[in-house]
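Enquirer: got a sequence here, can you build the structure:
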Amino acid sequence: MNASIPLVSASRGELLIPATKVTDLLRRIAAGWLRATEADGTDLDPATTLALARRLSDLADQIDVECIAVRSPVSEPPTAGQDD
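Expert: Coordinates of the predicted model:
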């Protein structure tokens, strides 16, 4: 599979990739491990593979949540009884 990943050059010379690409990769790796385990296509222990796949999925979820928090500034809800 050929894919194009947009790279961003940071001010100190680091190359950055979009978080969605990272989370997609983590979820695809986890899914591949699970498919291989279900098809008996690996010598990996099923319980260990499941635990690792869950951890990768949890990590992807955590990255998504942190990115949402950065992109969505929290605004204070209006206080009851205050007029704008």
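
Enquirer: now for the biggest helix by length in the chain, which elements pack on it?
Expert: Identified as the longest helix of the chain according to DSSP state H is helix 46-71. Here helix 46-71 touches helix 19-38, going by 3 or more C-beta pairs under 8 Å, 6 or more residues apart in numbering; DSSP states H and E. C-beta coordinates here come from the backbone N, C-alpha and C atoms, glycine included.

Enquirer: so what's the residue count around residue 42?
Expert: Residues lying near residue 42 (other C-beta atoms under 10 Å) number 14.

Enquirer: and residue 15, by the same measure?
Expert: Neighbours of residue 15 using other C-beta under 10 Å come to 9.

Enquirer: leaving out chain neighbours, which residue sits closest to it?
Expert: Distances taken as C-beta to C-beta, 6 or more residues apart in numbering put residue 7 closest to residue 15, at 5.0 Å, once the chain neighbours are dropped.

Enquirer: residues in contact with that neighbour?
Expert: 15-17 (C-beta atoms under 8 Å, 6 or more residues apart in numbering).

Enquirer: residue 15 too?
Expert: 7-9.

Enquirer: run the last query once more with 10 Å
Expert: By C-beta atoms under 10 Å, 6 or more residues apart in numbering, the contact set of residue 15 is 5, 7-9.
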